[in-house]
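>>> Just to be clear, the model below is a prediction. Sequence and coordinates:
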Amino acid sequence: VFILDALADYTPSGASDAEKVAERVLPRLQHVNSAVVLSAVKTLLRMMDAVSNEDLVRAWCKKMAPPLVTLLGAEPEVQYVALRNINLVVQKRPAILANDVKVCA
């Protein structure tokens, strides 16, 4: 988690540098530990700001959505933290959960 947080604070020198970091972080979205998943999401969001390729950003968003939704099936404490983080993620990138969460009235 500390390494992912350090990567999140890292300022890439260019788009290719951000892409390399993101490609290394993407597998961490499948981790069992929810803190690792949330740190990976934070790192990816920061790297998305440095990438100009919208197709790549869309692909990363599609990969980020299922792990975030999976966190909602954990214990109540993890659900609370996940929802708080999902709220922040959706504020920054509203399209991330567009196809994965449906609201029933």
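Structure's in. What do you need?

>>> And residue 48, its phi and psi?
Per-residue torsions, residue 48: phi -60, psi -30 (degrees, to the nearest 10).

>>> Spit out the contact partners of it.
18, 22, 57, 60-61, 93 (CB atoms under 8 Å, 6 or more residues apart in numbering). Every residue, glycine included, has its C-beta placed from N, CA and C.

>>> Go again with 7 Å.
With CB atoms under 7 Å, 6 or more residues apart in numbering as the criterion, the residues that contact residue 48 are 57, 60.

>>> low-confidence ranges in the chain?
100-105 (pLDDT under 70).

>>> Please name the residues that touch the residue sitting nearest the centre point of it.
Most central in the chain under CA atoms, centre = their mean is residue 41, positioned 2.3 Å from the mean C-alpha point. Shown in contact with residue 41 (CB under 7 Å, 6+ apart): 64, 68, 89.

>>> Reformat the residues you listed as a markdown table; add distance to residue 51 and secondary structure.
Formatted as a markdown table, the contacts of residue 41 follow (distance: CB to CB, whole Å; DSSP: H, G, I helix; E, B strand; the rest coil):
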| residue | distance to residue 51 | secondary structure |
| --- | --- | --- |
| 64 | 14 | helix |
| 68 | 20 | helix |
| 89 | 17 | helix |
